[in-house]
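Enquirer: Curious how this folds, go ahead:
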Amino acid sequence: KKRKEMVKSTTRLSKNEIKEIETLTNNIPCVVASNMSTGVNLLLKILHDVARVLGDEYDIEIVESHHRLKKDAPSGTALKMAQVIADAVNRNLDEVAVYARKGIIGERTKKEIGIQTIRAGDIVGEHTVLFGGLGERIEITHKASSRDTFAGGSLRAAIWVSGNPAGV
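Expert: A predicted model of the protein is given here:
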């Protein structure tokens, strides 16, 4: 209502909530991110590019770790990474995501994207994406060692959004 620029960081938004934000920001610029770390947001771009190049020839696994008090699993950041990767390789994440494995599960399919969760101690946040091929693997990791990282990214987003055109 006040037509002020906005920065919104939250996870697990429904499609309807995302549409509502898009409607509400028709007249103001807005940054919406599942994680305010500058490094994580750069990593999302890198992951898209890597997944697009590697395609179906590499298995994709995401392992995320957080402190013992975190209530949701997997993290919103891990889900965002999985969605970015799925989009890059033209897969429907709802159809290919595998969140746990136990027992005799058979061979891994080429299309699945594994998302595994660790909760222990005081880990601020760690995310590793593993692209496993035959004879090699690529691991891309982001580790947050301080929550100040998220505050700094929020400030950077607030400065950036000022003066940008309306929209998300």
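
Enquirer: for the helix or strand bottoming out on mean pLDDT in the chain, which positions count as buried?
Expert: The weakest-scoring helix or strand in the chain, judged by mean pLDDT, DSSP states H and E, is helix 15-24 (a mean of 86). By 16 or more other Cβ atoms under 10 Å, the buried positions in helix 15-24 come out as Ile21. Backbone N, C-alpha and C define where each C-beta goes, glycine included.

Enquirer: Send over that helix as CSV, restricted to the C-alpha atoms.
Expert: What follows is helix 15-24, C-alpha atoms only, in CSV (Å, rounded to 0.1, in the frame of the first residue of the first chain):
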residue,chain,number,x,y,z
LYS,A,15,2.1,-21.7,-5.7
ASN,A,16,-0.9,-19.6,-4.6
GLU,A,17,1.2,-17.5,-2.2
ILE,A,18,3.8,-17.0,-4.9
LYS,A,19,1.1,-15.8,-7.3
GLU,A,20,-0.2,-13.4,-4.6
ILE,A,21,3.2,-11.9,-4.1
GLU,A,22,3.6,-11.4,-7.8
THR,A,23,0.2,-9.7,-7.9
LEU,A,24,1.0,-7.5,-4.9
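
Enquirer: how far is the helix ranked longest in the chain from where the chain is centred?
Expert: Taking DSSP state H as the criterion, the chain has its longest helix at helix 38-54. Relative to its chain's centre, helix 38-54 lies at 10 Å (Cα atoms, centre = their mean, to the nearest Å).

Enquirer: which other helices and strands contact that helix?
Expert: Helix 38-54 sits against helix 76-88, strand 125-133, strand 136-144, helix 148-161, with contacts defined as 3 or more Cβ pairs under 8 Å, 6 or more residues apart in numbering; DSSP states H and E.

Enquirer: residues making contact with the helix or strand that the least confident helix or strand of the chain is followed by?
Expert: Once the chain leaves helix 15-24, the next helix or strand it forms, by DSSP states H and E, is strand 30-33. For strand 30-33, contacts defined as Cβ atoms under 8 Å, 6 or more residues apart in numbering pick out 5-10, 13, 18, 21, 41, 153, 157-158, 160-161, 167-168.

Enquirer: from memory Asn27 sits against Ala166, does it?
Expert: Yes. Assessed by Cβ atoms under 8 Å, Asn27 is found in contact with Ala166 at 5.2 Å.
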